[in-house]
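**Student:** here are the coordinates; sequence isn't available:
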């Protein structure tokens with residue numbers, strides 16, 4: 001199996017570090033599958049071989065390869081997953097494999113060849129011409145080098161030749177862990193799981209912090225958060241979910257006279273709690289699913305008021321996305337159906353009829369001074385209960 005790398009190959013002196021982290025992530029993902037495989041680094045590609053392929057037989061090998069390929073598609077840093085035909089290093093074997101792969105193809109085709117071993121008797125261009133001509137003669141397909149319906153890849157390695165078609169798309173991006181750690185404020189809604197996924201693709205290892213309305217609500221939102229984190233875990237592995245009972249803190253904020261500022265004030269308290277938890281986890285950023293102007297609490301003025309609450313940077317990967325774009329992405333990463341399940345969101349608990357769209361920092365600071373909010377945030381962080389969802 002060939003795992004194609006994308007952005008990593010553009011890195012300079014740090015490239016080996018990116019590759020080491022990706023290799024570690026691949027090995028961890030292979031442990032989830034339970035199929036042993038050997039890993040070898042090539043130029044711009046990683047080669048995986050099922051370790052006991054001969055003992056499995058052709059059918060068993062195919063099942064194991066399919067299982068590994070499906071798992072590798074979810075590992076950030078991999079652009080494409082290809083299951084190639086491995087053939088001897090002869091032009092005849094290459095042509096035979098290519099014709100076998102295209103026997104059911106229709107429309108147009110192209111051949112892309114890469115010769116890593118310069119001892120092979122044909123150059124990359126000559127491989128493409130020879131294989132293309134034989135496919136034309138055998139199947140009557142037309143050549144289209146710019147937009148082919150089918151592309152045949154030929155890679156001449158040091159010991160063997162791989163022939164394959166386009167394979168399956170991977171996640172792309174950077175290996176998880178390369179960009180550090182962050183704490184995601186994970187609601188049970190649609191936006192925050194997508195925000196977490198986008199940051200994983202940029203190499204950030206994510207911890208998840210969920211605020212439940214308990215004891216004023218039931219545990220339904222916790223079940224949703226757990227299910228969402230469990231689904232997202234396939235992109236990074238080893239995920240940790242922290243749940244804070246937030247109901248009494250919300251009551252305290254309401255009693256402080258927050259009124260129209262209640263939503264912004266409680267979100268500031270959540271961020272402060274997230275910052276306290278981040279210090280414990282050696283995380284250096286907070287992540288939210290904010291989208292500019294999507295709801296009243298996400299006006300530019302209110303977002304500025306939220307930034308004032310903490311010293312850590314707040315990453316908002318969805319800030320310029322509209323709701324339909326976020327929903328499309330949630331559907332693609334398979335979190336939308338979970339997010340749409342009914343529950344009682346703690347953010348709507350005790351919410352005022354009208355939400356302040358232009359929160360003033362002086363007013364927010366006065367509310368927080370009455371409650372010693374920094375101490376309260378520390379207590380909430382210490383009260384967090386940890387869960388470790390396993391990859392499905």
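**Tutor:** Cool, got the structure. Note that this is a predicted model, so its numbers are computed, not measured.

**Student:** pretty sure residue 355 sits against residue 299.
**Tutor:** No: proximity of residue 355 to residue 299 does not meet the contact threshold set by CB atoms under 8 Å, at 9.5 Å. The way it works is simple: take the backbone N, C-alpha and C, and place the C-beta from them, glycine included.

**Student:** low pLDDT regions in the stretch 151-300 of the chain?
**Tutor:** Per-residue confidence of the stretch 151-300 of the chain (counting by pLDDT under 70) places no residue in a weak region.

**Student:** rerun at 90
**Tutor:** Filtered on pLDDT under 90, the stretch 151-300 of the chain yields the residue ranges 157-160, 165-167, 188, 213-220, 250, 253-260, 295-297.

**Student:** using the record, which stretches count as separate domains in this protein?
**Tutor:** 2-169, 181-387 (automatic domain parsing).

**Student:** can you lay out those as a markdown table showing mean neighbour count?
**Tutor:** Converted to a markdown table, these look like this (neighbours: other CB atoms under 10 Å):
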| stretch | mean neighbour count |
| --- | --- |
| domain 2-169 | 16 |
| domain 181-387 | 19 |
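
**Student:** distance to residue 175 added to these, as CSV?
**Tutor:** What follows is the domains of the chain, written out as CSV (distance: least, CB to CB, whole Å):
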stretch, distance to residue 175
domain 2-169, 4
domain 181-387, 6
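
**Student:** the helices in the stretch 251-392 of the chain, which residues?
**Tutor:** 262-281, 300-307, 323-332, 336-339, 361-371, 373-383 (DSSP state H, counting those that start in this stretch).

**Student:** is it possible to get a markdown table of the ones you listed that adds distance to residue 166?
**Tutor:** Compiled in a markdown table, these are given as follows (distance: least, CB to CB, whole Å):
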| stretch | distance to residue 166 |
| --- | --- |
| helix 262-281 | 40 |
| helix 300-307 | 41 |
| helix 323-332 | 19 |
| helix 336-339 | 27 |
| helix 361-371 | 53 |
| helix 373-383 | 47 |
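
**Student:** for residue 231, which of those is the nearest?
**Tutor:** Nearest to residue 231 among the helices of the stretch 251-392 of the chain is helix 336-339; the distance by CB to CB comes to 6.6 Å.

**Student:** how about residue 215: what's its closest non-neighbour residue?
**Tutor:** Closest residue to residue 215 apart from its sequence neighbours, by CB to CB, 6 or more residues apart in numbering: residue 247 at 5.4 Å.

**Student:** you'd agree the one you found is up against residue 213?
**Tutor:** Yes: counting by CB under 8 Å, residue 213 is a contact partner of residue 247 at 4.8 Å.

**Student:** please tell me how far residue 308 sits from residue 191.
**Tutor:** Here the criterion is CB to CB, to the nearest Å. By it, residue 308 lies 22 Å from residue 191.

**Student:** contact partners for the residue nearest to residue 261 when sequence neighbours are not counted?
**Tutor:** With sequence-adjacent residues excluded and distances taken as CB to CB, 6+ apart, residue 261 is closest to residue 356, at 5.1 Å. In this structure, residue 356 makes contact with 260, 261, 263, 264, 296, 302, judged by CB atoms under 8 Å, 6 or more residues apart in numbering.

**Student:** what are the phi and psi values at residue 356?
**Tutor:** As for residue 356, its main-chain torsions (degrees, to the nearest 10) stand at phi -70, psi 130.

**Student:** how close does it get to residue 324?
**Tutor:** In this structure, residue 356 and residue 324 are separated by 27 Å, where distance is defined by CB to CB.

**Student:** what do you get for residue 13?
**Tutor:** When CB to CB is applied, the distance between residue 13 and residue 324 equals 41 Å.

**Student:** and what of residue 34?
**Tutor:** Following CB to CB, the distance that separates residue 34 from residue 324 is 39 Å.

**Student:** kindly report the same for residue 28.
**Tutor:** According to CB to CB, residue 28 and residue 324 sit 34 Å apart.

**Student:** wait, doesn't residue 390 sit right on residue 230?
**Tutor:** Yes: under the criterion of CB under 8 Å, residue 390 makes contact with residue 230 at 7.0 Å.

**Student:** ramachandran coordinates for residue 163?
**Tutor:** Here the main-chain torsion angles of residue 163 (degrees, to the nearest 10) amount to phi -120, psi 130.

**Student:** quick one: the strands in the stretch 101-250 of the chain?
**Tutor:** The residue ranges that make up the strands of the stretch 101-250 of the chain, judged by DSSP state E, counting those that start in this stretch, are 108-115, 142-143, 150-156, 161-164, 168-169, 181-185, 205-212, 241-245.
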